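Visitor: please work out how this folds:
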Amino acid sequence: MDTRHFPAALEELAGLAAGLAAGQNCRQEDLETVLFTTYALPPACGCSCLAVSNGNGVFFGRNSDFLTALEPDYTHVTYGFSDRAIPFTGNTTSFVQMEDTVNARGLAVGLTSVYTPRPRPGLNAGMVLRLLAETCAAVPEALDRLRELPLASCQTLTLADDAGDIAVAECGPEGVRVEWPGPAGPFVCATNLFHSDLADPLPPGLDTWRAAERYDTMRRVLEREGETLGLSGVQTLLTGKKGFLCQYDRAAGRDTVWSAACDLTRRRCLLAEGNPGRTAFREIPFPVERGNGRP
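Guide: Just a heads-up that it's a prediction; the model follows:
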């Protein structure tokens, strides 16, 4: 990880690794290696992410698909800071590295991992997402910051803000490509594949957790319903009721392990702490800055 761009993360990760190493009676360097290379090494997990900006508001949704054996370690967190960093709420399978967040300024970001054929020194996906959540208030600002960063891994970042901007950034060591809503409708979506010129041929037999099928499900529904979709529609899509998105066979050791849905216009966050097809969404607090009179 390139610590010049995010020194606070190095300090936090070092403290975390030291505590875990002492508790597990293992070397701190081994834990740091795992944390710094997460997302840059195969196999990637499967996740689905979308954003919609229409006459009803600005909406964000994400399913996190991963290994059921590690479910006790997945975490929902709220970060507040004593300095000028922006508070956020987020979810993760990887300690202090975030995988979807919404911050107190109304910026939401969600990642999907993509196979990384040529990882390089730099920030990995979970650190990039957290950096954007802590320092950016809007999609254009986040994209400008993203283009400045050295990236270690390949990933998509789906971004939305309460001003109505939404985008998907396909990004990795080779560069950044941004997709905005087009003629198909007021939406963007992503799974674990690139669709730009950054796409590399996948290794034979690589398991993408049906990424192409999940992407097609979201596009089909959003092309049909994107103009009128609201928060309840985002929830319905994430539950798999509109096509394959989260209907994994848990017996195979994989599942959608949480699902997040946000209405950025009305500052509402919903979280299903399990597969949304079987687990109800509950409302969680929207992050607020100290001394900020905004609701």
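
Visitor: what's the distance between residue 181 and residue 149?
Guide: Remark: distance between residue 181 and residue 149 (C-beta to C-beta, to the nearest Å) = 24 Å. C-beta coordinates here come from the backbone N, C-alpha and C atoms, glycine included.

Visitor: now residue 257
Guide: According to C-beta to C-beta, residue 257 stands 27 Å off from residue 149.

Visitor: residue 168 now?
Guide: Where residue 149 is concerned, residue 168 sits at a distance of 17 Å (C-beta to C-beta).

Visitor: which one's more surrounded, these two?
Guide: residue 168 (25 against 18; other C-beta atoms under 10 Å).

Visitor: state the helix or strand in which that one lies.
Guide: strand 166-172 (DSSP states H and E).

Visitor: which secondary structure elements does that strand sit against?
Guide: strand 46-54, helix 139-148, strand 154-161, strand 175-179, strand 187-190 (3 or more C-beta pairs under 8 Å, 6 or more residues apart in numbering; DSSP states H and E).

Visitor: show me what the helix or strand following the last one is packed up against.
Guide: This means strand 187-190. Sequence order places helix 211-225 as the next helix or strand after strand 187-190, per DSSP H and E. Using 3+ C-beta pairs under 8 Å, 6+ apart as the contact test, the elements touching helix 211-225 are strand 46-54, strand 187-190, helix 231-238.

Visitor: only alpha carbons, please: show helix 211-225 as CSV.
Guide: What follows is helix 211-225, C-alpha atoms only, in CSV (Å, rounded to 0.1, in the frame of the first residue of the first chain):
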residue,chain,number,x,y,z
ALA,A,211,-21.1,-11.7,-12.6
ALA,A,212,-22.4,-11.3,-16.1
GLU,A,213,-25.8,-12.7,-15.2
ARG,A,214,-26.1,-10.4,-12.2
TYR,A,215,-25.1,-7.4,-14.4
ASP,A,216,-27.7,-8.3,-17.0
THR,A,217,-30.4,-8.6,-14.3
MET,A,218,-29.7,-5.1,-13.0
ARG,A,219,-29.5,-3.5,-16.5
ARG,A,220,-32.7,-5.2,-17.7
VAL,A,221,-34.7,-4.0,-14.6
LEU,A,222,-33.2,-0.5,-14.5
GLU,A,223,-33.8,0.0,-18.3
ARG,A,224,-37.4,-0.8,-17.7
GLU,A,225,-38.0,0.8,-14.3
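
Visitor: start the count at 445 instead of 1 going forward.
Guide: New numbering, starting at 445: the last item is helix 655-669.

Visitor: who touches that helix?
Guide: Applying C-beta atoms under 8 Å, 6 or more residues apart in numbering, the external contacts of helix 655-669 come out as 490, 492, 494, 496, 628-629, 631, 633-637, 673, 677, 681, 686-689.

Visitor: among the residues you listed, name the buried ones.
Guide: The neighbour count (16 or more other C-beta atoms under 10 Å) marks 490, 492, 494, 496, 629, 631, 633-637, 673, 677, 681, 686, 689 as buried among the contacts of helix 655-669.

Visitor: just name the closest of these to residue 727, please.
Guide: residue 677 (16.8 Å; C-beta to C-beta).

Visitor: grab the nearest non-local neighbour of the closest one.
Guide: Nearest non-adjacent residue to residue 677, counting by C-beta to C-beta, 6 or more residues apart in numbering: residue 669, 6.2 Å away.

Visitor: count of neighbours near the one you found?
Guide: Burial of residue 669 is recorded as 18 neighbouring residues (other C-beta under 10 Å).

Visitor: give me the low-pLDDT residue ranges for this protein?
Guide: Low-confidence segments of the chain, defined by pLDDT under 70: 445-468, 475-481, 484-489, 539, 735-739.

Visitor: most centrally placed residue in it?
Guide: With distances taken as C-alpha atoms, centre = their mean, the chain has residue 554 as the residue nearest its mean C-alpha position (2.3 Å).
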